[in-house]
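> I need the structure of the sequence given here:
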Amino acid sequence: MSVPAARPPARVLVVGSLNVDVIAGVRNLPRPGETVVAIGSQVCPGGKGANQAVAARGTGVQVLLAGAVGDDDHGRAYRRRLDALGIDTRFLMVDPHRATGQAVVVVAHEGEADNLIVVLPGANHGLSSILVTEALEALAPGDVVLFQLEIGPGLVEAAILAAAERDLQIVLNLSPYADLSPQSLAAVDVVVVNEIEALQLADLASAAPQSLVVTLGAAGASWDGVHRVGPQLPEHLVVDTTGAGDAFCGVLAAMLAQGFDREEALDAALVAGADAVRHTGAQPGGALDPGSR
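Here you go, the predicted structure:
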């Protein structure tokens, strides 16, 4: 009797951004025209792509990251960090003409730990479509590819269609929101949005996704109308909500790659999102040290 060949371990390819987050803690977010003085600051690893890759890797799956950094100390430090976490960085390109992306994150430490984020794309907007194609070719049918939109909608749209041709599972975090073509949205297996992005997507009557996950903050998440509630944290444990959505998306993709059903994947993603608000910065592990070698 012939024995069927074993399927390779589950893999997730994240195609997305890497940023260095400059986090300033304030008592309350500034109002328009107001200047406030920070009560502390930290430089941490961020960027939706890398955040989601780190979260997915935390579940034990094999993770590849296709992205771009600058030829600078921050870019080199970021690669060292990802390598140490066991993330495959062979598709992480170095852009000699642009600096590593940055984000300025202002976090309020009173009230509901709200935040403001401004992204400077830098090298993220120089990501090569050829490199993304090579990364997709490294996957096998059934593997998961996870996208967001900090690297530019045009590149993502083309990569989605290429991924669909390879029979990959496609997860799209439609953030920051952009109007994608109906053709590319129809090729996505699961679209993940927050409540604001869900309303923006609803305005595109001709672009309904195959399957839609809406994250609802502390109220949980809904997948095609099926609502699940995650862990409920007391307010004093909520430190920074910056990376909660990315942790959710990364773990959701990893669970799907491992063959878990919708409820199991959603529950694990909600736990990851709740855990992410307990620490400063979008990723666990503290500050990014560009001076280390």
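
> Please, where are all the strands along the stretch 51-200 of the chain?
Secondary structure of the stretch 51-200 of the chain (DSSP state E, counting those that start in this stretch): strands at 62-70, 92-95, 101-108, 115-120, 144-147, 169-173, 190-194.

> Going by mean pLDDT, which of these comes out lowest?
Ranked by mean pLDDT, those bottom out at strand 115-120, with a mean of 87.

> Show me what that strand is in contact with.
17, 19, 29, 101-108, 150, 176, 240-242 (Cβ atoms under 8 Å, 6 or more residues apart in numbering). For the C-beta atoms, the positions are set from N, CA and C on the backbone; glycine is no exception.

> now swap in stretch 153-171 and tell me
Against stretch 153-171 from outside (Cβ under 8 Å, 6+ apart): 13, 15, 127, 129, 132-133, 136-137, 139, 141-149, 172, 178, 180-181, 183-184, 187-192, 249, 252-253, 256-257.

> Could you grab the helix/strand/coil label for residue 250?
The three-state label given to residue 250 by DSSP: H, G, I helix; E, B strand; the rest coil is helix.

> what about the closest residue to it other than its chain neighbours, neighbour count?
Excluding the flanking residues, the one nearest residue 250 by Cβ to Cβ, 6 or more residues apart in numbering is residue 55, at 2.9 Å. Look at residue 55: counted by other Cβ atoms under 10 Å, it has 31 neighbours.

> Quick check: residue 55 vs residue 247, distance?
Residue 55 sits 4 Å away from residue 247, going by Cβ to Cβ, to the nearest Å.

> What strands line up against the least confident helix or strand in the chain by mean pLDDT, and which way round?
Sorting the helices and strands of the chain by mean pLDDT, DSSP states H and E puts strand 115-120 at the bottom, at a mean of 87. Strand 115-120 sits in its sheet next to strand 101-108 (antiparallel), going by DSSP bridges.

> Buried ones in the partner strand, by neighbour count?
Judged by neighbour count (16 or more other Cβ atoms under 10 Å), strand 101-108 contains these buried residues: 101-103, 105-108.

> Low-confidence regions, the stretch 101-250 of the chain specifically.
Scanning the stretch 101-250 of the chain for pLDDT under 70 picks out the ranges 111-113, 205-206, 236-237, 240.

> For residue 184, see how far away residue 23 is.
33 Å.

> no wait, residue 200
Residue 200 is 16 Å from residue 184, by Cβ to Cβ.

> coming back round to it: more neighbours: which of residue 23 and residue 184?
residue 23 (24 against 20).

> Tell me where the stretch 151-293 of the chain has helices.
Secondary structure of the stretch 151-293 of the chain (DSSP state H, counting those that start in this stretch): helices at 153-165, 182-187, 195-202, 244-257, 262-276.

> got the angle between the longest one and strand 190-194?
Same thing as helix 262-276. Using axes from the mean of the first three to the mean of the last three Cα atoms, to 10 degrees, the inter-axis angle of helix 262-276 relative to strand 190-194 is 40 degrees.

> what sits up against helix 262-276?
55, 58-59, 213, 215, 220-221, 223, 226, 228-231, 233, 241, 243-252, 255-256, 260, 282, 284.

> If we use 6 Å, what do you get?
55, 223, 228, 230-231, 233, 243-244, 247-248, 251-252, 255-256 (Cβ atoms under 6 Å, 6 or more residues apart in numbering).

> so can I have a markdown table of those showing distance to residue 168?
Output for the contacts of helix 262-276, formatted as a markdown table (distance: Cβ to Cβ, whole Å):
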| residue | distance to residue 168 |
| --- | --- |
| 55 | 19 |
| 223 | 20 |
| 228 | 25 |
| 230 | 27 |
| 231 | 31 |
| 233 | 34 |
| 243 | 25 |
| 244 | 26 |
| 247 | 22 |
| 248 | 20 |
| 251 | 18 |
| 252 | 15 |
| 255 | 16 |
| 256 | 11 |
